[in-house]
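Enquirer: would you be able to build a 3D model of this:
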Amino acid sequence: MQGIDTIRYRSLLACATVLLLAGCELLPESPFAAPAGRTTGDCRAEVPDFADKACLLPDWAAFGLASQRGDRAWRDAMLAQLEGRASERRLARAVALAWGSERQWDQASELYKADLNAAPAELQPLLRYWLNELEGRRAMASRLVGVRGELVSAERRRVALEEENAALAEKLEALTAIEQSINLRQQND
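Expert: Just a heads-up that it's a prediction; the model follows:
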């Protein structure tokens with residue numbers, strides 16, 4: 001039994017020595033490297049499109065971040081640049097509008113829904129995520145408007161109840177004064 005353990009130990013030691021001496025030579029240089037040709041570092045389109053498959057996601061993600069960070073002037077300039085009926089233009093407009101004012105959210109949602117299926121399959125999950133996020137913001141804004149309406153209504157009811165309370169207090173004082181007057185007359189008679 002001891003001889004078998006020694007053989008196993010020596011075999012294990014030999015394998016470990018071979019791996020140690022070989023080092024990283026046996027491993028691929030970069031298993032997740034971009035395919036030969038254009039790399040994602042080369043993707044710098046200001047306005048994204050569907051043409052370059054290698055830059056499809058990086059360009060659209062960068063445009064989404066720029067839309068999120070952009071101010072009104074950037075958004076207005078970009079919307080003017082994105083005029084057109086092509087699906088890629090309309091989807092880019094939807095991305096820009098989605099980060100605009102609440103009034104622009106409805107238009108962004110309509111554009112997303114109308115042209116989402118025209119986008120390349122690789123891009124659709126990202127666009128669908130952005131659409132869902134936009135719909136979530138729209139729903140929250142709608143709920144906020146509803147809550148504000150309820151608060152205004154509750155405030156109006158509170159004011160009306162205070163006014164009614166003040167009127168009842170005046171009537172009570174008047175009735176108390178009448179009762180005291182009647183009591184004084186009865187005592188004097």
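
Enquirer: looking at the chain, which helix or strand is least sure?
Expert: Least confident helix or strand of the chain, by mean pLDDT, DSSP states H and E, is helix 2-22 with a mean of 64.

Enquirer: what about Tyr112, how many neighbours?
Expert: When counting by other CB atoms under 10 Å, one arrives at 24 neighbours for Tyr112. In short, each C-beta sits where N, CA and C put it, glycine included.

Enquirer: from the contact counts, what lies against whichever strand or helix holds it?
Expert: Using DSSP states H and E, Tyr112 sits in helix 102-115. When contacts are defined as 3 or more CB pairs under 8 Å, 6 or more residues apart in numbering; DSSP states H and E, helix 102-115 packs onto helix 87-98, helix 124-188.

Enquirer: between these, which gets nearest to Ser109?
Expert: helix 124-188 (5.9 Å; CB to CB).

Enquirer: next, the angle from the closest one to helix 87-98.
Expert: Using axes from the mean of the first three to the mean of the last three CA atoms, to 10 degrees, one finds that helix 124-188 and helix 87-98 are set 30 degrees apart in direction.

Enquirer: go ahead and flag the most central residue of this structure.
Expert: Note on the chain: the residue nearest the mean C-alpha position is Glu133, at 4.0 Å, using CA atoms, centre = their mean.

Enquirer: once you drop chain neighbours, what's closest to that residue?
Expert: Closest residue in space to Glu133, ignoring its immediate chain neighbours: Ala98 at 8.0 Å, by CB to CB, 6 or more residues apart in numbering.

Enquirer: who touches that neighbour in this structure?
Expert: 67, 104-105, 108-109, 112, 130, 133-134 (CB atoms under 8 Å, 6 or more residues apart in numbering).

Enquirer: try Glu164
Expert: Neighbouring residues of Glu164 by CB under 8 Å, 6+ apart: there are none.

Enquirer: low-confidence stretches in this structure?
Expert: Across the chain, the ranges flagged by pLDDT under 70 are 1-6, 9, 12-41.

Enquirer: one more time with 90, if that's ok
Expert: Applying pLDDT under 90 to the chain flags the ranges 1-55, 83-86, 88, 101-103, 142, 145-154, 177, 179-189.

Enquirer: please report how far Ala77 lies from Gln104.
Expert: Ala77 sits at a distance of 15 Å from Gln104 (criterion: CB to CB, to the nearest Å).

Enquirer: which one's more surrounded, these two?
Expert: Gln104 (17 against 12).

Enquirer: state the distance from that one to Arg75.
Expert: Taking CB to CB as the measure, Gln104 and Arg75 are separated by 8 Å.

Enquirer: any common contacting residues for these two?
Expert: Common neighbours of Gln104 and Arg75 (CB under 8 Å, 6+ apart) are Leu97.
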